[in-house]
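Trainee: Quick one, structure for this:
(one chain, ligands or ions: 3)
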Amino acid sequence: MKIKYLGTAAAEGWPALFCTCRACRLAAEKGGRNVRTRSQAIIDGRLLIDFPADTYWHFIKNSIPLDRISSCLITHSHEDHLYAEEFCNRRTGFAYLDGGSAPVLTVYGTEKPTKLVSAATSGCAPDRVAAVQLERFATADIEGYKVTPMDADHDPNAGSVIYIIEHGGKTLLYAHDTGIFPESDWTYMTERGLRFDFVSLDCTGGLYAQYEHGHMGTDACEKMRAKLIANGLADERTVFCLNHFSHNGGAIYDEISAAMEPGGFLVSYDGMEVEF
Ligand SMILES: [Zn+2]
Ligand SMILES: [Zn+2]
Ligand SMILES: [Zn+2]
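Mentor: Ligands and ions are numbered 1, 2, ... in the order given. Take a look at the predicted model:
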């Protein structure tokens with residue numbers, strides 16, 4: 001399995017839209033991996049995760065044939081993960097799909113995000129965009145991937161979930177956005193006897209220790225790694241990657257990678273690709 005991070009920032013992007021804080025000024029000055037767009041990832045070039053406003057830039061920059069993508073998982077309805085109105089640009093007259101053979105784009109998520117997608121597209125692109133609701137702890141077959149949403153410790157009004165994605169003998173945990181994982185997740189994961197090959201952990205709080213609920217910082221990510229290993233859900237071959245960063249976490253890429261990579265964590269950046 002291969003994951004490509006298309007966007008690695010929280011809501012405001014980094015530098016943040018209207019911000020002049022130290023972290024934003026430094027990121028702008030240093031450029032490169034320190035500049036982050038809003039959250040999105042793609043698995044094996046075909047299973048999209050989240051759909052922020054920056055999707056437009058992501059597909060240009062990474063030459064993604066968005067007309068051919070037929071499945072998109074949504075973690076929750078916050079705008080750095082879902083810009084539902086954008087799906088309307090797939091409608092007739094706005095998108096000339098290759099000979100009419102392009103697939104329907106199906107968007108998956110819990111009740112809140114799928115309702116938003118349905119509301120945004122039912123009047124403009126009902127034949128080209130579909131929304132399918134997933135249930136927590138129920139595994140769905142999506143393009144041959146086994147996809148299981150679990151509880152997230154994040155805004156319940158946003159229909160927040162984190163995803164287990166299994167394919168070809170590999171298992172990925174995509175944990176955005178969330179704080180310390182709820183107990184229900186530990187029960188489910190251990191009962192299933194899962195072993196993760198790749199774990200992507202919310203690190204919105206950067207190096208600040210107080211981030212444990214709603215989001216995590218590096219201390220909470222260390223705790224999650226230790227607990228996953230202690231429960232037999234991960235081992236020394238598991239790749240752990242920190243992702244979803246905010247200027248409120250303070251440490252730009254250069255700083256957080258210097259602090260965390262010696263301890264065995266990867267630190268995401270826009271365009272980063274990992275095969276496992
Ligand atoms: Zn977010
Ligand atoms: Zn800032
Ligand atoms: Zn969020």
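
Trainee: for the residue of the stretch 51-200 of the chain found nearest ligand 2, what are its contacts?
Mentor: Ligand 2 sits closest to Asp80 of the stretch 51-200 of the chain, with a gap of 14.7 Å, by Cβ to the ion. Yep, even glycine has a C-beta here, placed from its N, CA and C like the rest. Going by Cβ atoms under 8 Å, 6 or more residues apart in numbering, Asp80 touches 9-12, 38-39, 52.

Trainee: Just confirm it is within a strand.
Mentor: No: using DSSP: H, G, I helix; E, B strand; the rest coil, the secondary structure at Asp80 is coil, not a strand.

Trainee: residues contacting the residue of the stretch 151-276 of the chain found nearest ligand 1?
Mentor: Taking Cβ to the ion, ligand 1 has its nearest neighbour within the stretch 151-276 of the chain at Asp177, 4.4 Å off. For Asp177, the contact set (Cβ under 8 Å, 6+ apart) comprises 10, 75-76, 78, 81, 152, 154, 160, 202, 204, 214-215, 244.

Trainee: thinking again about what came up before, show me the contacts of Asp80 that map onto helices.
Mentor: Within these, no residue falls in helices by DSSP state H.

Trainee: ok, and the most crowded of those?
Mentor: Ser39 (30 neighbours; other Cβ atoms under 10 Å).

Trainee: Isn't it up against Trp14?
Mentor: No: using Cβ atoms under 8 Å, Ser39 is not in contact with Trp14, being 11.4 Å away.

Trainee: So which residues of the stretch 151-276 of the chain form strands?
Mentor: 161-167, 170-175, 198-202, 239-243, 265-267, 273-275 (DSSP state E, counting those that start in this stretch).

Trainee: Please report phi then psi for the residue of the stretch 151-276 of the chain found nearest ligand 3.
Mentor: Ligand 3 sits closest to Asp177 of the stretch 151-276 of the chain, with a gap of 3.8 Å, by Cβ to the ion. Backbone torsions for Asp177, taken as degrees, to the nearest 10, come to phi -100, psi 140.

Trainee: any idea how far it lies from Asp67?
Mentor: Distance, Asp177 to Asp67, using Cβ to Cβ, to the nearest Å: 29 Å.
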